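A.B. asks: generate coordinates for the sequence data below:
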Amino acid sequence: MDLLLLEKTLLALFIAMVLAIIISKLRGKRFKLPPGPLPVPVFGNWLQVGDDLNHRNLTDMAKKFGDIFLLRMGQRNLVAVSSPELAKEVLHTQGVEFGSRTRNVVFDIFTGKGQDMVFTVYGEHWRKMRRIMTVPFFTNKVVLQNKAGWEDEAARVVEDLKKNPEASTTGVVIRRRLQLMMYNNMYRIMFNRRFESEDDPLFVKLKTLNAERSRLSQSFEYNYGDFIPILRPFLRGYLKVCKDVKERRLQLFKEHFIDERKKLASTKAMDNESLKCAMDHILDAQKKGEINEDNVLYIVENINVAAIETTLWSIEWGIAELVNHPEIQKKLRHEIDTVLGPGVQVTESEIQNLPYLQAVVKETLRLRMAIPLLVPHMNLHDAKLNGYDIPAESKILVNAWRLANNPSHWKRPEEFRPERFLEEESNVEASGNDFRYLPFGVGRRSCPGIILALPIIGITLGRLVQNFELLPSPGQSKIDTSEKAGQFSLQILKHSTVVAKPRSFQV
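C.D. replies: You can find the predicted model right below:
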């Protein structure tokens, strides 16, 4: 069977090669395409540039080919843009034309071919899902209702670190405790539930499945089968694992969380004013026939990945930079002590009075952007961009990391320097008011989670710095900040051990 499959694959490659040459010649006459490396039949530029299309590799290519260039990855066209003007064109001016999402074989599995909000094509389904998710998740009212919960979870982190003797001596991997905090932050919003400890069996199962989902989807290993569909049979084993993880995750969401809310709702009447958590709103929309049960499941899927993991990555990056820059950590601590008073804990409402804390958060999101290429965009129809023809269904990558780290637009961008947001860049906000700085994107497909992420990051970093002196583990001078890039994620490669020495406050 393996030989037969190989024979069929080679024959298909030959036929595809002939067709690719014919199509390439026809398209060459018809389209004025962006510059880029010369493609070869069937494989395009894949053999030249490889699978790892991370933000730094795309930045190097932009230096060679310009702020807009085209890669032909097998049968897929990939257009990368990395100037503020082109970012504005894609995300804002032509936001409708480029407002869809390109998917791939693995994300199709995990999102039910776009039954969610994040990865669905631009259209009526996306508008409906965005509207249904906005009220229970992404409004100022949600912040007001949940900020006390975020502060409570951060306080529990501080207390647990103080109780752990290893934290102040040999150090601990703080990320593990922060992961529990982030799950509790979002599960309190979603289901009005929290996990008591890192050892909670349901929490362990949930985070393990989510981690496996993230590993499988963010890997570059499956690109060959996505770029060249005739090679997809070789992905059978990989895709089977993806389907198994997807089914187990959705079953977990349904049995332990969604069905529990349904049972609770059936025991007492709930009108719109008395709904206690986000899931009640979502289930109310399902009862009205606006969405189906699969859509409900994929909303939970989106929050588990897009809200929990990305915010956790940013907090972890922030801690690493503060440990590696003790002078910045000291300056931040001084601001908090001076403005709030020694021992007076940072709250969501006080963040507005702590400009240096805000600057630390902004600088973390600039230098260590969690989604450095944003979520890929796609044009459903042939389009124009900067005078070039963009063939229909091209994958459009906005290199937001390059926008925020280009030395032509930023002063010493390689440095972690929060002062920039109090000095020469004082008017720049994370909300996208400047197209050089788009950590959450901008326009129709921007990340609505900004309204939750910014205060949670601020509260967490603020509480840790004011209660502890954060240091590298004994014998180390710095934390390793090597990057681990994924399909469009940026995580720290090693979850570092951090020493957290409690501070004593004079009353």
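A.B. asks: which residues of the stretch 401-507 of the chain fall in strands?
C.D. replies: Assigned by DSSP state E, counting those that start in this stretch, the strands in the stretch 401-507 of the chain fall at 468-472, 483-485, 490-492, 498-502.
A.B. asks: can you spell out which helices and strands pack onto the first one?
C.D. replies: What it means is strand 468-472. Packing partners of strand 468-472 (3 or more C-beta pairs under 8 Å, 6 or more residues apart in numbering; DSSP states H and E): helix 310-324, helix 326-340, strand 498-502. For glycine as for every other residue, the C-beta is placed from the backbone atoms N, C-alpha and C.
A.B. asks: just name the most buried of these.
C.D. replies: Most buried of the helices and strands packed on strand 468-472, by mean neighbour count (mean count of other C-beta atoms under 10 Å): helix 310-324, with a mean of 23.
A.B. asks: please produce JSON lines containing the helices and strands packed on strand 468-472, extended by distance to residue 276 and mean pLDDT.
C.D. replies: Putting the helices and strands packed on strand 468-472 into JSON lines (distance: least, C-beta to C-beta, whole Å; pLDDT from 0 to 100) gives the following:
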{"stretch": "helix 310-324", "distance to residue 276": "23", "mean pLDDT": "97"}
{"stretch": "helix 326-340", "distance to residue 276": "31", "mean pLDDT": "98"}
{"stretch": "strand 498-502", "distance to residue 276": "35", "mean pLDDT": "98"}
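A.B. asks: reformat these as a markdown table; add distance to residue 145.
C.D. replies: Listed next are the helices and strands packed on strand 468-472 as a markdown table, based on distance: least, C-beta to C-beta, whole Å:
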| stretch | distance to residue 145 |
| --- | --- |
| helix 310-324 | 18 |
| helix 326-340 | 23 |
| strand 498-502 | 30 |
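A.B. asks: between the ones you listed, which gets nearest to residue 219?
C.D. replies: Proximity to residue 219 (C-beta to C-beta) singles out helix 310-324 among those, at 16.4 Å.
A.B. asks: which strands and helices sit next to the closest one?
C.D. replies: Judged by 3+ C-beta pairs under 8 Å, 6+ apart, helix 310-324 is in contact with helix 174-191, helix 326-340, helix 355-367, helix 450-467, strand 468-472, strand 490-492.
A.B. asks: how far off centre is that helix?
C.D. replies: 14 Å (C-alpha atoms, centre = their mean, to the nearest Å).
A.B. asks: now do stretch 169-182
C.D. replies: Centroid separation for stretch 169-182 versus its chain: 20 Å, with C-alpha atoms, centre = their mean.
A.B. asks: buried sites along that stretch?
C.D. replies: Neighbour counts over stretch 169-182 (16 or more other C-beta atoms under 10 Å) mark 171, 172, 174, 175, 177, 178, 179, 180, 181, 182 as buried.
A.B. asks: for stretch 459-470, same thing?
C.D. replies: By neighbour count with 16+ other C-beta under 10 Å, stretch 459-470 contains the buried residues 459, 460, 461, 462, 463, 464, 465, 466, 467, 468, 469, 470.
A.B. asks: show me the contacts for the second one.
C.D. replies: This points to residue 460. Residue 460 makes contact with 154, 157, 178, 181, 315, according to C-beta atoms under 8 Å, 6 or more residues apart in numbering.
A.B. asks: now the fourth one
C.D. replies: Contacts of residue 462 were listed using C-beta under 8 Å, 6+ apart, and they are 332, 336, 346, 351, 354, 357.
A.B. asks: same thing but at 7 Å, please
C.D. replies: Contacts for residue 462 (C-beta atoms under 7 Å, 6 or more residues apart in numbering) come out as 336, 346, 354, 357.
A.B. asks: can you check the third one too?
C.D. replies: Residues counted as contacts of residue 461 (C-beta under 7 Å, 6+ apart) are 315, 318, 360, 361.
A.B. asks: try 6 Å this time
C.D. replies: By C-beta atoms under 6 Å, 6 or more residues apart in numbering, the contact set of residue 461 is residue 318.
A.B. asks: so residue 131: helix, strand or coil?
C.D. replies: Three-state assignment for residue 131 (DSSP: H, G, I helix; E, B strand; the rest coil): helix.
A.B. asks: ok, which pair from the buried residues of stretch 169-182 is furthest apart?
C.D. replies: For the buried residues of stretch 169-182, the farthest-apart pair by C-beta to C-beta is 171 and 182; their separation is 20.6 Å.
A.B. asks: right, and the helix or strand after the helix or strand encompassing residue 71?
C.D. replies: Using DSSP states H and E, residue 71 sits within strand 68-73. Next helix or strand after strand 68-73 toward the C-terminus (DSSP H and E): strand 76-81.
A.B. asks: next, the buried residues of that next one.
C.D. replies: 76, 77, 78, 79, 80, 81.
A.B. asks: could you give the bridge partners of the last one?
C.D. replies: For residue 81, the beta-bridge partners are residue 68, residue 398 (DSSP bridges).
A.B. asks: find me the pLDDT at it, would you?
C.D. replies: At residue 81, the model reports a pLDDT of 98.
A.B. asks: residue 258: neighbour count?
C.D. replies: Residues near residue 258, counting by other C-beta atoms under 10 Å, number 23.
A.B. asks: likewise for the one 5 residues further on?
C.D. replies: Neighbour count for residue 263, taken as other C-beta under 10 Å: 9.
A.B. asks: coming back round to it: quick check: of the buried residues of stretch 459-470, which lies closest to residue 323?
C.D. replies: Of all those, residue 470 has the smallest distance to residue 323: 5.0 Å, by C-beta to C-beta.
A.B. asks: beta-bridge partners for the closest one, please?
C.D. replies: residue 500.
A.B. asks: can I get stretch 313-332 in PDB? Just the C-alpha atoms.
C.D. replies: Provided in PDB are the C-alpha atoms of stretch 313-332 (Å, rounded to 0.1, in the frame of the first residue of the first chain):
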ATOM      1  CA  TRP A 313       2.300  34.500  27.400                       C
ATOM      2  CA  SER A 314       2.400  38.300  27.800                       C
ATOM      3  CA  ILE A 315       2.500  38.100  31.600                       C
ATOM      4  CA  GLU A 316       5.400  35.600  31.400                       C
ATOM      5  CA  TRP A 317       7.300  37.900  28.900                       C
ATOM      6  CA  GLY A 318       6.700  40.800  31.200                       C
ATOM      7  CA  ILE A 319       8.100  39.000  34.200                       C
ATOM      8  CA  ALA A 320      11.200  37.900  32.300                       C
ATOM      9  CA  GLU A 321      11.900  41.400  31.100                       C
ATOM     10  CA  LEU A 322      11.500  42.900  34.600                       C
ATOM     11  CA  VAL A 323      13.800  40.200  36.100                       C
ATOM     12  CA  ASN A 324      16.400  41.000  33.400                       C
ATOM     13  CA  HIS A 325      16.100  44.700  33.900                       C
ATOM     14  CA  PRO A 326      16.300  45.300  37.700                       C
ATOM     15  CA  GLU A 327      16.500  49.000  37.300                       C
ATOM     16  CA  ILE A 328      13.100  49.000  35.500                       C
ATOM     17  CA  GLN A 329      11.700  46.800  38.100                       C
ATOM     18  CA  LYS A 330      12.900  49.100  40.800                       C
ATOM     19  CA  LYS A 331      11.500  52.200  39.100                       C
ATOM     20  CA  LEU A 332       8.100  50.500  38.700                       C
END
